[in-house]
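K.L.:
Okay, here's the prediction I keep looking at, along with the sequence it came from:
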Amino acid sequence: MNTVSARPQLTVKALLLGAILAMVLAAANAYLGLFAGMTVSASIPAAVISMGILKLFRDSNILENNIVQTAASAGESVAAGTIFTLPALILLGYWDVFDYWWVSAIAGLGGLLGVLFTIPLRRSLIVDQPLPFPEGTATAEVLKLGEQAGGGIRILASAALLGAGIKFAETAARLWPATAQTGTFAGGSSVWYFGSNLSPALIGVGFIVGLNVSALIFAGGVISWVIAIPIYSQWFMDPSMLSDDPVDVAFAIWNNKIRYLGVGAMLVGGLWALISIRSAVISGIRSGIAQHRQRNYGVAIDETDRDAPMPLVLIGIALFVLPIFALYHTIVGSAGVALAMTLVMIVAAFLFSAVAGYMAGLVGSSHNPISGVTIATILMSALLLLWLTGSTTTAAAAAILIGAVVCCAAAIAGDNMQDLKAGYLIGATPRKQQLMQGIGVVSAVLVLAPVLNLLLNA
């Protein structure tokens with residue numbers, strides 16, 4: 001057995017600290033997401049906090065710290081999936097407040113589905129394919145450095161101080177803007193924009209993902225900003241926008257039109273990737289079932305390659321369909337429509353969880369366009385439900401509830417794959433991380449509704 005994985009992982013102190021950090025970071029990211037429109041990955045902050053606290057115990061180890069950050073990052077992800085969808089029901093006037101049990105059920109079921117959907121994907125995306133998973137790789141390096149003193153820690157601390165200094169000068173002291181950008185109108189009404197984000201975090205992500213993936217991301221930016229936006233502005237833009245600032249015009253066109261090119265390309269690319277790895281996914285499911293049988297026959301299994309029992313995973317997915325169907329039936333009052341909603345949700349949640357996991361492996365969770373996935377789900381669901389129900393209000397609310405479950409599942413999937421990558425690099429046991437991901441989701445949903453109501457009243 002691997003000597004690293006033989007160390008205790010699911011200890012009482014790791015479980016308690018992981019659950020507490022999942023709640024705290026879920027609440028913090030709920031505020032940040034509603035205030036700034038974005039959340040931050042909790043893996044590295046949680047790992048650092050865990051190392052600081054567990055160092056107070058004599059028998060703490062790297063695998064305990066990994067378990068803690070796994071739960072904490074799951075809490076952050078389910079918060080992101082919730083805050084970017086459910087507030088739409090408030091804006092539509094469908095809800096007056098965030099009902100505790102509704103929020104907990106939707107976020108919890110979506111998050112747990114995301115955990116279950118990533119289990120058969122782990123081996124194909126992490127073991128069989130050399131995807132970089134930048135946040136997972138970075139988290140593993142932080143955890144390794146926490147186990148040793150010396151040059152590694154000094155390099156990490158120096159890089160952190162440098163990044164903090166740059167961010168302080170940019171955000172607090174405002175010595176320079178966060179983005180270097182300029183724009184102009186040329187050739188009549190064609191708008192041209194050039195800009196670059198000055199964040200040190202993006203430099204670190206680029207270093208981790210490597211030149212090939214960075215070149216692909218850059219190519220996508222060129223297609224959007226240098227080709228698509230000038231073409232759209234030349235032929236389709238409202239002439240009244242010529243009096244506005246060209247930078248604002250470029251961002252308005254990108255936000256309302258061009259970003260959907262990226263969403264479409266991402267969906268096609270992600271689905272094609274899923275098709276290309278279909279044999280590996282099927283093999284993962286089969287090997288998980290075979291592994292479960294071997295365990296029953298007393299065959300020794302390497303703990304670093306042991307997932308949660310596949311039969312239980314498949315049973316869990318089937319069981320979660322029932323309460324989701326009941327939730328949807330409560331909204332629309334029709335068993336047939338609720339069944340259609342449930343089927344759409346299950347198919348979309350699995351496909352987009354796979355896409356999110358694959359995209360997280362390529363470009364990282366922080367740049368995984370979950371919002372685009374959610375928008376695509378809601379648009380397709382709304383059209384289907386409008387046709388089935390004939391009610392605009394009911395269709396809108398039902399589509400958002402489908403999108404909320406899918407968004408939570410996809411957000412959890414992308415983040416969990418990063419955690420599993422970190423665990424793979426340090427020799428952790430996957431099934432224990434997968435259990436801790438579920439605990440992180442459940443811990444986070446306990447506090448989401450009160451936090452959302454607090455922010456609503458504020």
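P.N.:
In hand now; what should we look at?
K.L.:
Check F207 and give its pLDDT.
P.N.:
Note for F207: predicted pLDDT of 71.
K.L.:
Could you do I439 as well?
P.N.:
Looking at I439, its pLDDT stands at 92.
K.L.:
and the helix or strand hosting G52, which residues are buried?
P.N.:
Taking DSSP states H and E as the criterion, G52 maps to helix 43-54. Under the neighbour-count criterion of 16 or more other C-beta atoms under 10 Å, helix 43-54 has S43, I44, P45, A46, A47, V48, I49, S50, M51, I53, L54 buried. (C-beta placed from N, C-alpha, C; glycine too.)
K.L.:
quick check, distance from it to the centre of its chain.
P.N.:
20 Å (C-alpha atoms, centre = their mean, to the nearest Å).
K.L.:
tell me the mean pLDDT over stretch 113-132?
P.N.:
For stretch 113-132, mean pLDDT is 82.
K.L.:
May I have that stretch exported as PDB, CA atoms only?
P.N.:
Only the C-alpha atoms of stretch 113-132 are listed here, as PDB (Å, rounded to 0.1, in the frame of the first residue of the first chain):
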ATOM      1  CA  LEU A 113     -25.400  15.200  -8.300                       C
ATOM      2  CA  GLY A 114     -22.300  17.100  -9.400                       C
ATOM      3  CA  VAL A 115     -20.300  15.000  -7.000                       C
ATOM      4  CA  LEU A 116     -21.700  11.700  -8.200                       C
ATOM      5  CA  PHE A 117     -21.300  12.600 -11.900                       C
ATOM      6  CA  THR A 118     -17.600  13.300 -11.500                       C
ATOM      7  CA  ILE A 119     -16.900   9.900 -10.000                       C
ATOM      8  CA  PRO A 120     -17.000   7.900 -13.300                       C
ATOM      9  CA  LEU A 121     -15.100  10.800 -15.000                       C
ATOM     10  CA  ARG A 122     -12.100  10.800 -12.600                       C
ATOM     11  CA  ARG A 123     -10.000   8.100 -14.100                       C
ATOM     12  CA  SER A 124     -10.500   9.200 -17.700                       C
ATOM     13  CA  LEU A 125      -9.800  12.900 -17.100                       C
ATOM     14  CA  ILE A 126      -7.200  12.700 -14.400                       C
ATOM     15  CA  VAL A 127      -5.400   9.400 -14.800                       C
ATOM     16  CA  ASP A 128      -5.700   8.600 -18.500                       C
ATOM     17  CA  GLN A 129      -5.400  12.100 -19.900                       C
ATOM     18  CA  PRO A 130      -2.600  14.600 -19.200                       C
ATOM     19  CA  LEU A 131      -4.900  17.500 -18.500                       C
ATOM     20  CA  PRO A 132      -3.100  20.200 -16.400                       C
END
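K.L.:
mind listing what's buried in it?
P.N.:
Under 16+ other C-beta under 10 Å, the buried positions of stretch 113-132 are 113-127, 131-132.
K.L.:
what do you get for stretch 340-359?
P.N.:
Buried-residue list, stretch 340-359, by 16+ other C-beta under 10 Å: 340-342, 344-346, 348-359.
K.L.:
Ok, stretch 137-146 next?
P.N.:
T137, A138, T139, A140, E141, V142, L143, L145, G146.
K.L.:
Which residues does it contact?
P.N.:
Outside stretch 137-146, the residues within contact range by C-beta atoms under 8 Å, 6 or more residues apart in numbering are 43-44, 47-48, 51, 62, 65-66, 69, 152-153, 156, 204, 208, 418-419, 421-423, 425-426.
K.L.:
before we move on, the earlier item: for the buried residues of helix 43-54, which one is nearest A449?
P.N.:
A46 (22.4 Å; C-beta to C-beta).
K.L.:
for that closest one, what are its contacts?
P.N.:
L21, L25, V68, Q69, A71, A72, S73.
K.L.:
Swap in 6 Å and give it another go.
P.N.:
Contact analysis of A46 by C-beta atoms under 6 Å, 6 or more residues apart in numbering lists L21, Q69, A72.
K.L.:
In helices only, show me the buried residues of stretch 113-132.
P.N.:
L113, G114, V115, L116, F117, T118, R122 (DSSP state H).
K.L.:
I'd guessed the second one sits against V406; true?
P.N.:
No - using C-beta atoms under 6 Å, G114 is not in contact with V406, being 9.2 Å away.
K.L.:
where in the stretch 51-200 of the chain is pLDDT low?
P.N.:
148-157 (pLDDT under 70).
K.L.:
ranges for the helices of it?
P.N.:
Taking DSSP state H, counting those that start in this stretch as the test, the helices found in the stretch 51-200 of the chain are 62-83, 87-91, 100-118, 122, 134-146, 151-167, 200-222.
K.L.:
and what of the stretch 251-400 of the chain?
P.N.:
Under DSSP H, counting those that start in this stretch, the stretch 251-400 of the chain gives helices at 259-276, 278-296, 310-332, 335-363, 370-389, 392-426.
K.L.:
Out of those helices, flag the one nearest A14.
P.N.:
Closest approach to A14 among the helices of the stretch 251-400 of the chain (C-beta to C-beta): helix 392-426, 13.2 Å.
K.L.:
what's the spacing between that closest one and its chain's center?
P.N.:
For helix 392-426, the separation from the chain centroid amounts to 7 Å (computed by C-alpha atoms, centre = their mean).
K.L.:
and the angle for that helix with helix 335-363?
P.N.:
Helix 392-426 runs at 40 degrees relative to helix 335-363, counting by axes from the mean of the first three to the mean of the last three C-alpha atoms, to 10 degrees.
K.L.:
can you give me the mean pLDDT across helix 392-426?
P.N.:
Mean pLDDT, helix 392-426: 84.
K.L.:
and the next helix-or-strand element following that helix, what does it pack onto?
P.N.:
Downstream of helix 392-426, the next assigned helix or strand under DSSP H and E is helix 430-457. Using 3 or more C-beta pairs under 6 Å, 6 or more residues apart in numbering; DSSP states H and E, the elements in contact with helix 430-457 are helix 12-36, helix 62-83, helix 100-118, helix 392-426.
K.L.:
Need these in JSON lines (columns: distance to L89).
P.N.:
Below are the helices and strands packed on helix 430-457 laid out as JSON lines (distance: least, C-beta to C-beta, whole Å):
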{"stretch": "helix 12-36", "distance to L89": "14"}
{"stretch": "helix 62-83", "distance to L89": "11"}
{"stretch": "helix 100-118", "distance to L89": "9"}
{"stretch": "helix 392-426", "distance to L89": "6"}
